[in-house]
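K.L.:
Structure, please.
(one chain, ligands or ions: 1)
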Amino acid sequence: MRGLNGKVAVIAGAATGIGKATALKLAEEGVSLTLGDTNVAGIEAVAQQINAAGGKAVAIPCDISDDAEVKALVDLAVKAYGGLDFMHANAADLSLCMIDTHAVDVPLELFDRTIAVNLRGHLLCTRHSIPEIQKRGRGAIVYTSSGAAYAGEPERVAYAVSKSGINALMRHVASRWGKEGIRSNAIAPGVVLTENSTANMPDEMRAMILQMGRSPRLGRPEDIASMVALLFSDEGEWINGQVISVDGGVTMRA
Ligand SMILES: NC(=O)c1ccc[n+]([C@@H]2O[C@H](COP(=O)([O-])OP(=O)(O)OC[C@H]3O[C@@H](n4cnc5c(N)ncnc54)[C@H](O)[C@@H]3O)[C@@H](O)[C@H]2O)c1
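P.N.:
Numbers count the residues shown, from 1 in each chain. This next block holds a predicted model:
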């Protein structure tokens, strides 16, 4: 894709699933990567895979709810490659999602931690990356949101609220910095089969989800990675302020 080769990206949440697939895809396109995650062995393995294939990647432990650790993640990209063009804020604590309930019942500690990682963490990725992207004159941020922000599910209240917040944050960034050449978009994936989600999904649930969609298959991490690459590339230059559903047609919105 045009406009990716030689650029620099940070991926926050890159050890497994969508973040890992995005790292591999961007590396293939010639992007130099800085990977942050709480799963340190995971990001080190991804960085090693990229470097062994002739790409460029460095990894650093990072809990995105921690301001100093997110700053260190962005600083590493600048130190390693001389600047920053793209931020993919992707991390979410999906272990909390499994025990997330409804508004009356949800433990407040669970709600607070979900917001701290899934939403405030994305704000931290935003505020540390924008000043660096500004120095380049242009660039882009892609957030991983979720169809849960729209779905109105009777459970997973904290997760849905955090993802709706990401959509608002994304629009704010698009609006505030779009004229300066910084684009901001979010991807709302449908059900994507990752190492982690597949392990927890019974066959009957997989069949039920497949039936609800308008595609012969469920999602793959690579489906989302391709959209991140497009949104970072010059081919996505006129896309700004959007939540783009990549979900095999499960949601259809105007
Ligand atoms: N897989 C799906 O069906 C699906 C659907 C909709 C949205 N999403 C979103 O896609 C994104 C990626 O999820 P995935 O499905 O690839 O799952 P995943 O668990 O493979 O990826 C999440 C990554 O975030 C990391 N992480 C968790 N807490 C962190 C923290 N505090 N700081 C830094 N990193 C942290 C994990 O270690 C992991 O590498 C998430 O934002 C998720 O909400 C996934």
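K.L.:
Near the residue of the chain found nearest the ligand, how many other residues are there?
P.N.:
In the chain, no residue comes nearer to the ligand than G17, which is 2.2 Å away by CB to the nearest ligand atom. Placement of C-beta: from N, CA and C, glycine included. By the criterion of other CB atoms under 10 Å, G17 has 24 neighbours.
K.L.:
gap between the residue lying closest to it once chain neighbours are set aside and P221?
P.N.:
Distances taken as CB to CB, 6 or more residues apart in numbering put T194 closest to G17, at 3.4 Å, once the chain neighbours are dropped. The spacing between T194 and P221, counted by CB to CB, to the nearest Å, is 6 Å.
K.L.:
With D203 instead?
P.N.:
Counting by CB to CB - D203 and P221 are separated by 20 Å.
K.L.:
higher neighbour count, these two?
P.N.:
The neighbour comparison of D203 against P221 (other CB under 10 Å) goes to P221, with 22 against 7.
K.L.:
if I pick the more buried one, what's in contact with it?
P.N.:
17-18, 20-22, 192-194 (CB atoms under 8 Å, 6 or more residues apart in numbering).
K.L.:
switch the cut-off to 6 Å
P.N.:
Neighbouring residues of P221 by CB atoms under 6 Å, 6 or more residues apart in numbering: 17-18, 21, 192, 194.
K.L.:
Buried residues, the worst-scoring helix or strand of the chain on mean pLDDT. List them.
P.N.:
Lowest mean confidence among the helices and strands of the chain (mean pLDDT, DSSP states H and E): helix 195-199, at a mean of 82. Using 16 or more other CB atoms under 10 Å as the test for burial, helix 195-199 gives S197.
K.L.:
need the next SSE after it, C-terminal direction.
P.N.:
Remark: after helix 195-199, the chain's next helix or strand is helix 203-212, criterion DSSP states H and E.
K.L.:
what does that next one contact?
P.N.:
Contacts with helix 203-212, where a contact means CB under 6 Å, 6+ apart, come from 191, 218.
K.L.:
List, one by one, the residues from the chain near the ligand.
P.N.:
Within reach of the ligand by CB under 6 Å from any ligand atom, the chain has these residues: 13, 15-19, 37-39, 42, 62-65, 90-94, 117, 144, 146, 189, 191-192, 194, 196-197.
K.L.:
Give the PyMOL command for selecting the buried subset of these.
P.N.:
PyMOL command restricting the residues of the chain next to the ligand to the buried ones, with burial defined by 16+ other CB under 10 Å:
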select buried, resi 13+15+16+17+18+19+37+38+39+42+62+63+64+65+90+91+92+93+94+117+144+146+189+191+192+194+197
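K.L.:
List the ones among the residues of the chain next to the ligand that fall in strands.
P.N.:
Residues of the residues of the chain next to the ligand located in strands (DSSP state E): 37, 144, 189.
K.L.:
Pipe those residues into TSV and attach pLDDT and distance to G248 per row.
P.N.:
As requested, those are exported to TSV (pLDDT from 0 to 100; distance: CB to CB, whole Å):
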residue	pLDDT	distance to G248
D37	98	27
T144	98	17
P189	96	10
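K.L.:
Can I get the residues you listed in JSON lines including distance to M98?
P.N.:
Converted to JSON lines, those look like this (distance: CB to CB, whole Å):
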{"residue": "D37", "distance to M98": "19"}
{"residue": "T144", "distance to M98": "18"}
{"residue": "P189", "distance to M98": "17"}
